[in-house]
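Engineer: I'll drop the sequence and a predicted model, then ask my questions.
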Amino acid sequence: MLKQAIKKTKLTKPQKAYIDRLVRVDQAGELGADYIYAGQHFVFSNTKPSLAPLIQHMWDQEIHHHKVFDELQTESRIRPSVFTPVWRAAAFGLGVGTALMGQEAAMACTEAVETVIGGHYNSQLRWLHQEFPKDLDDSTEIGRLKKTIKQFRDDELEHLDTAVEEGAKKAVPYILLTETIKNGCRGAIWVAERY
């Protein structure tokens, strides 16, 4: 997979610093997504069992994303965010809270989170393509990192589409809920990149 990807690639100090931040924030973000879906699944498996398989499908993808970034972080000796316990608690609380508000609110949460994360992954891909234009396939460590981020981005955007199809826009209050969650995600990204 991506084991020792950073160690094997000759990077400048700024490139190494950026990739360390990239891995740290993506690991924290995937941990957060894992816990959001855990919270939603906890509620829906008891209150709306018909929705639980859909949540489980998205959750399984997030568990995989989280595992990949955990492995990359460990293998590359990149420190995790010091706020990891906060991300776990806040994400699980967000998952439970939006699920308790109902299916539409849970789907609005997914739409908001995945909108921000999709854009965040796109920014990372642009930077990687600009810095490493020749690493276009998975025969190099950076190429594999690009491929992983692209696949995870596509999974997140699939979750966004699913959320819209499942009634996200019917959530009340939609704008307040989604904009609050988007701003929370942007704030968490900023903090996780640095701390």
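Structural biologist: Noted; the coordinates are in hand.
Engineer: what about the longest helix in this protein?
Structural biologist: Looking across the chain with DSSP state H, the single longest helix is helix 13-47.
Engineer: Would you mark the buried spots in that one?
Structural biologist: 15, 18-44 (16 or more other C-beta atoms under 10 Å). All C-beta atoms are positioned from the backbone trio N, CA, C, and that covers glycine.
Engineer: same check, this time on stretch 150-164
Structural biologist: Counting neighbours by 16+ other C-beta under 10 Å, one finds that the buried residues in stretch 150-164 are 152-153, 155-157, 159-160, 162-163.
Engineer: again, but for stretch 86-99
Structural biologist: Across stretch 86-99, burial judged by 16+ other C-beta under 10 Å covers 87-88, 90-92, 94-99.
Engineer: what about Val43, distance to Leu100?
Structural biologist: Plainly put, Val43 is 6 Å away from Leu100 if you go by C-beta to C-beta, to the nearest Å.
Engineer: Lowest average confidence across helices and strands of the chain, where is it?
Structural biologist: Confidence across the helices and strands of the chain bottoms out at helix 5-8, with a mean of 47, counting by mean pLDDT, DSSP states H and E.
Engineer: can you give me phi and psi for Thr12?
Structural biologist: Backbone torsions for Thr12, taken as degrees, to the nearest 10, come to phi -70, psi 170.
Engineer: Quick one: neighbours of it, just the number.
Structural biologist: 9 (other C-beta atoms under 10 Å).
Engineer: wait, what's in contact with it?
Structural biologist: With contacts taken as C-beta atoms under 8 Å, 6 or more residues apart in numbering, Thr12 has no neighbouring residues.
Engineer: So for it, what's the pLDDT?
Structural biologist: What the model reports as pLDDT for Thr12 is 88.
Engineer: how close does it sit to Ala38?
Structural biologist: 38 Å.
Engineer: re the thing from before, what's the offset of the longest helix of the chain from the middle of its chain?
Structural biologist: Between the mean C-alpha location of helix 13-47 and the chain-wide mean there is a distance of 5 Å, by C-alpha atoms, centre = their mean, to the nearest Å.
Engineer: change the start of the numbering to 453 and stick with it
Structural biologist: Sounds good: first residue 453 from here, last item helix 465-499.
Engineer: Can you spell out which helices and strands pack onto the next helix or strand after that helix?
Structural biologist: As assigned by DSSP states H and E, the chain's next helix or strand after helix 465-499 is helix 504-527. Using 3 or more C-beta pairs under 8 Å, 6 or more residues apart in numbering; DSSP states H and E as the contact test, the elements touching helix 504-527 are helix 457-460, helix 465-499, helix 593-617.
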